[in-house]
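>>> Here is the input, now give the coordinates:
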Amino acid sequence: MRKILLVCSAGMSTSLLVTKMREAAREKGIEVGIDALPVAEASTAVDNVDIVLMGPQVRFQKATVEKLVKGRIPIEVMDMRLYGTMNGKAILEDALQKMN
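Predicted structure coming up:
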């Protein structure tokens, strides 16, 4: 099973997005684990995921997260428009494509 980690400033703004992404995965019949954490707690999970998606509001911390994953997995900043509209389907599809 593929695993996706969403990170933002407090972990709360991505909760709704996680729900929408899980719904999109269910509709597509895809088994994927999706969780959200604040950037400050990302180090506890990066070793167990296949991609890290960062909220646009924390893009300035991308270098910090890159140091945590040491090039092992992709780290992407989510599209601001898709994030703002909570388009879980599009963000999921983008993440799946970048993991392949």
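>>> At which residues are the strands of this structure located?
In the chain, strands defined by DSSP state E lie at 2-8, 32-38, 51-54, 75-77, listed in chain order.
>>> Would you mind pulling up the elements that the third one packs against?
Here strand 51-54 is seen to pack against strand 2-8, helix 62-69, strand 75-77, helix 88-99 when contacts are counted using 3 or more C-beta pairs under 8 Å, 6 or more residues apart in numbering; DSSP states H and E. All C-beta atoms are positioned from the backbone trio N, CA, C, and that covers glycine.
>>> Kindly reformat those as a markdown table containing mean neighbour count, mean pLDDT and distance to Arg22.
Converted to a markdown table, the helices and strands packed on strand 51-54 look like this (neighbours: other C-beta atoms under 10 Å; pLDDT from 0 to 100; distance: least, C-beta to C-beta, whole Å):
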| stretch | mean neighbour count | mean pLDDT | distance to Arg22 |
| --- | --- | --- | --- |
| strand 2-8 | 22 | 95 | 10 |
| helix 62-69 | 14 | 94 | 22 |
| strand 75-77 | 18 | 96 | 18 |
| helix 88-99 | 18 | 95 | 8 |
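>>> closest to Glu31 out of those?
Nearest of the helices and strands packed on strand 51-54 to Glu31, taken as C-beta to C-beta: strand 2-8 at 7.8 Å.
>>> helices or strands next to the closest one in the packing?
Going by 3+ C-beta pairs under 8 Å, 6+ apart, strand 2-8 lies up against helix 15-28, strand 32-38, strand 51-54, helix 88-99.
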